[in-house]
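Visitor: please find the sequence and the predicted model below.
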Amino acid sequence: MGISQIGSILIITLHAMVPICLTAVGEIIGETAGLFNIGLEGILLTSAFTGVLGAKAGGAVVGLLVGMGTGAIISLIFSMINTYWKGNQMITGIGINLFALGFVAFGLIVLGSPGFHPVPPEGRLVAIRTPWGRLSPIIFVALVIPFVAHWFLNRTRAGLILKATGESPEAADVAGIRVNLVRLLATTFGGILAGLAGAYISVSWIGSVTKQISAGRGFISLATVVFSGLNPILALLGAFVFGLFESIATWIRNLPAARMIPWQFIAMIPYIVTLLVVAGVIGRVRFPKSLGKPYIRE
Amino acid sequence: MRENQGTSESRLLRGVHRTLTGLHPALESLLAALVGMAVGAILMRIWGYNPWKAYAALFRGAYGSAFGRASSLARGVPLVFTAMTFAICLRAGMFNIGAEGQVFLGAAAAITVAFFHLPPGLHLIVGLVFAMIAGAAWSIGPALLKVTRGVHEVISTIMFNWIARFLVFFLVVNVLVDPRRAEKTLSIPVSARFPVLVSRTDLSYSIFLAIAFALVIYFVLWHTVVGYEIRAAGLNPTAARYGGINSKRTILLSFILGGIGAGLAGASIVMGQPPTYAMFSGLPMITNTGFDGMAVAMVGRNHPIGILVAAVFFGGLIAGGRTMQIFASTPLEVVRVVTGVIVITMAIPELLRIFPRIKGELVKILALIRKLHQKHASQSEESP
């Protein structure tokens, strides 16, 4: 294996890392405040689709912004239901995922190409040229955001307010923090990052949108959050590991010797790795006490 | 004599009171269905379809003819099973969204009966048993991960769904494939098919299996010790643990029961749906059975009887969606948008409180009845 091969594996790894990293960091912010959003998969899928619409209308940057907006709107609905209306977070998330399946499949039919829609070349985000392949600029965003999030959570007053809201909403309420508002803002921010991740997949990375473009990445991100124990920097590491396995799976598929292995078994690799990683780390991870429960003032 | 009259009247009032309280969840489900359809209509309008025409075609297709009603029921059959999967685990306090993958495995296991010959009837039963074993086996993985490692069931079941999907993709193309037609699997032999119930429709006797399964689960959950333990663990895990209920056992049991249901869903599709009695590569007929079942369970309030009613509604949406696609040229996918919004709406507790007027009216009626009831109760106490 030469340097160029290592280089290209690294580039695929970094590309596959981005959506998981962004989504996981967003979810860490949300879970720190106490909301557990399993609708991330749906947000990724929906914003991958709307991102393409935006990119067709006004270029790649517009596409990314539209994706972020989509994430914001969906998670605003999610957090509205689960803060002020005391809803069930799991069921809301399941509903969002179902909605996204229908919405994107419907939208693709409206665009006239059921199942698949390419992004026009002028709508794709300009990539940085390297000797081993093109590099999306969003990679640098994904590399920086975990550190910013880490600093925000541990070194700022707002970060402490966030932690207090998740750990002990009663105490936070007594201290004059508006628990529901904080949770709403945190989850919406998480949704914006997931929206960026979704739009990145279609507009920058793959260059097309399909009915199943998210391919379980929302749930892999949730697994990454578990792995990280709500530490954004560990989430970056986890996302890199998942990206590595995804690129190894791609690499194996192209090996002449691997022709013997059916592609279906290679496609399973990321999901099996996710299960193994999550099964391996749980037990030492501690989550906020009020995670998943609505705050009801007594 | 007067006393007897008083108690019988107050019993009547109590009955009315209970019925109205009991209707409350049904009203919420109805409201959620309306919200879902309204959002679907808005989306259709935005994308240039005529929602009135679409819904008219949908409901005419679903319930307007004998053929439509039969095929609505046929679409509802697998949803009853997968809704039970979700409902049983939710009763136990878990979110098992793994029915999707278990359906794939169940269907694949049922197809294997095409490899051997058995007398009619026995062949069918063997196929059902295979499907139940496959569904249950695929559900044990997430259950064990939950019990031994504390892995959240949402993450593990989704990963198992994806693995099942690729595994069954592989099986369909390489193991179960029909040697004469590469795009489909072997067909279930006639001796292992559910007989067709209404001729020239795809409604088969599998509907009775679905009803029986719902009733069995109802009996297990509400009339056995195991069911009591499952429900207790779901309502208050801490209290259940102090009460001596083995939470690991309830988790495993509810997952296995759910897996059996999902396996049967897969079997009911391949063994009970004419004309091909087979799976196709890409699994078009089977995909989303598990996810739609969750919506059925939500709208049916996770109760076997409610689920049977909700399955007729969702079966109608899917069957009618096909006629809508043909006659109103509106994509079938709208139905899934509607489904998603219904589930999101159902996540809001006390849904009617957000619509204060409806709620207000209901509360007024309930208060009136309670007042009358109390009055009667005190009268009948005083009367002797």
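Guide: Perfect, thanks for sending it. Residues are numbered from 1 along each chain as shown, chains lettered A, B, ... in the order given.
Visitor: before we move on, which element is residue 80 in?
Guide: The chain I'm using is chain A. Following DSSP states H and E, one finds A:M80 within helix A:60-83.
Visitor: the intended chain is chain B.
Guide: Following DSSP H and E, one finds B:V80 within helix B:66-91.
Visitor: next SSE downstream of that helix?
Guide: Using DSSP H and E, the helix or strand that follows helix B:66-91 in sequence is helix B:99-111.
Visitor: pLDDT of that following helix, averaged?
Guide: In this model, helix B:99-111 has an average pLDDT of 93.
Visitor: that older thread, near chain A, anything from the helix holding B:V80?
Guide: No - counting by C-beta under 8 Å from any C-beta of the partner chain, chain A has no neighbours in helix B:66-91; the shortest distance is 8.9 Å. No exception for glycine: its C-beta is placed from N, CA and C like everyone else's.
Visitor: same check on stretch B:278-296?
Guide: Yes - counting by C-beta under 8 Å from any C-beta, contacts between stretch B:278-296 and chain A involve B:288, B:291, B:294-295.
Visitor: ok, and the most crowded of these?
Guide: B:A295 (30 neighbours; other C-beta atoms under 10 Å in any protein chain shown).
Visitor: about what we covered before: elements contacting the helix holding A:M80?
Guide: Under the contact definition 3 or more C-beta pairs under 8 Å, 6 or more residues apart in numbering or on different chains; DSSP states H and E, helix A:60-83 sits against helix A:40-58, helix A:89-110, helix A:179-199.
Visitor: what angle do it and helix A:40-58 make?
Guide: Between helix A:60-83 and helix A:40-58, the angle comes out at 150 degrees (axes from the mean of the first three to the mean of the last three C-alpha atoms, to 10 degrees).
Visitor: buried set for helix A:60-83?
Guide: Residues A:60, A:62-83 are the ones in helix A:60-83 that count as buried (16 or more other C-beta atoms under 10 Å in any protein chain shown).
Visitor: part of a strand, is B:G244?
Guide: No - counting by DSSP: H, G, I helix; E, B strand; the rest coil, B:G244 is not found in a strand; it is coil.
Visitor: buried set for stretch B:296-309?
Guide: The neighbour-count check on stretch B:296-309 (16+ other C-beta under 10 Å) flags B:296-304, B:306-309 as buried.
Visitor: residues of the longest helix anywhere in chain A that come out buried?
Guide: Longest helix in chain A by number of residues (criterion: DSSP state H): helix A:3-33. For helix A:3-33, a neighbour-count test (16+ other C-beta under 10 Å) marks A:8-33 as buried.
Visitor: save the buried residues of stretch B:296-309 as TSV, and put in secondary structure, pLDDT and distance to B:L145 too.
Guide: TSV is the format used below for the buried residues of stretch B:296-309 (DSSP: H, G, I helix; E, B strand; the rest coil; pLDDT from 0 to 100; distance: C-beta to C-beta, whole Å):
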residue	secondary structure	pLDDT	distance to B:L145
B:V296	helix	91	26
B:A297	helix	90	22
B:M298	helix	86	25
B:V299	helix	86	29
B:G300	coil	87	28
B:R301	coil	85	29
B:N302	coil	87	23
B:H303	coil	89	28
B:P304	helix	90	28
B:G306	helix	89	30
B:I307	helix	92	27
B:L308	helix	92	32
B:V309	helix	90	34
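Visitor: which one of those residues is nearest to chain A?
Guide: Of all these, B:M298 has the smallest distance to chain A: 6.4 Å, by C-beta to the nearest C-beta.
Visitor: surely the closest one meets B:I344?
Guide: No - using C-beta atoms under 8 Å, B:M298 makes no contact with B:I344, being 9.7 Å away.
Visitor: which neighbours do those two share?
Guide: Both B:M298 and B:I344 are in contact with A:I91, where contact means C-beta atoms under 8 Å, 6 or more residues apart in numbering or on different chains.
Visitor: okay, now B:L31: neighbour count?
Guide: Counted with other C-beta under 10 Å, residues neighbouring B:L31 total 19.
Visitor: now do A:G207
Guide: Neighbour count of A:G207, defined by other C-beta under 10 Å: 17.
Visitor: ok but B:P120 is inside a helix, no?
Guide: No - applying three-state DSSP, one finds B:P120 to be coil, outside a helix.
Visitor: what residues are up against it?
Guide: Shown in contact with B:P120 (C-beta under 8 Å, 6+ apart): B:190-192.
Visitor: buried among those residues? Make that a ChimeraX selection.
Guide: A single ChimeraX command selects the buried members of these (16+ other C-beta under 10 Å):
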select /B:192
